[in-house]
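Asks: Below are the sequence and a predicted model; questions follow.
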Amino acid sequence: MTRFSLAALLLSALPLFATAAHAAELDDALTCKENAHAFISDLLDQQLINPKPMRVESNSINAFWPAQGQRMTAYGFSVFAIVAYQKDDPLFRPGDGTPIAPSAYGAVVVGTQSRVQAALTAAGNTAIVHHAGPLLTAIFCKQD
């Protein structure tokens, strides 16, 4: 590979590194030490998520898209969506079934369940890791 083509390759990759450097990391927030209200309020204050949920499940879990142009990561994985619910909190809409818990929150990330579980275990995090779809895994905190 010539020096010119190597330099061109490195220069073309710079925007990828710049984007990664500006991603909001959610690792500390996903250690299950706060409630859903505090978790969502912080993301709203930083304008990282849309204020209205894109979907409300029957178990009252509200799913929020990242705000346009915002990128978040959790344990090195890209965040696909944010999920949360807190009973009797105006930030959340209730579903038509039984709520999953009085307070629950998390992030749905792009990655296999086994890789996400390995990353959380290595970090000493005991959050719930749940398969959420093809190549999607939820990192979930639930308070009873």
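Replies: Good, I have the coordinates. Numbers count the residues shown, from 1 in each chain.
Asks: Tell me the buried residues in stretch 126-139?
Replies: 127, 129, 132, 136-139 (16 or more other CB atoms under 10 Å). Placement of C-beta: from N, CA and C, glycine included.
Asks: The helix or strand containing Lys142 pairs with which strands, parallel or anti?
Replies: Element membership of Lys142, judged by DSSP states H and E, is strand 136-143. Partners of strand 136-143 in the sheet, by DSSP bridges, are strand 103-110 (antiparallel), strand 128-133 (antiparallel).
Asks: want to try JSON lines for the ones you listed, with mean pLDDT as columns?
Replies: Shown next, in JSON lines, are these (pLDDT from 0 to 100):
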{"stretch": "strand 103-110", "mean pLDDT": "98"}
{"stretch": "strand 128-133", "mean pLDDT": "95"}
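Asks: hang on, Gln86 packs against Asn35?
Replies: Yes - assessed by CB atoms under 8 Å, Gln86 is found in contact with Asn35 at 6.0 Å.
Asks: okay, the strands paired with strand 136-143 in TSV with distance to His22 next?
Replies: As requested, the strands paired with strand 136-143 are exported to TSV (distance: least, CB to CB, whole Å):
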stretch	distance to His22
strand 103-110	17
strand 128-133	25
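Asks: quick one: which of those strands is nearest Ile40?
Replies: Nearest to Ile40, of all the strands paired with strand 136-143, is strand 103-110, at 6.9 Å by CB to CB.
Asks: I'd like the buried residues of stretch 126-139 as JSON lines, with distance to Ala63 appended.
Replies: As requested, these are arranged in JSON lines below (distance: CB to CB, whole Å):
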{"residue": "Ala127", "distance to Ala63": "17"}
{"residue": "Val129", "distance to Ala63": "17"}
{"residue": "Ala132", "distance to Ala63": "10"}
{"residue": "Leu136", "distance to Ala63": "12"}
{"residue": "Thr137", "distance to Ala63": "14"}
{"residue": "Ala138", "distance to Ala63": "10"}
{"residue": "Ile139", "distance to Ala63": "14"}
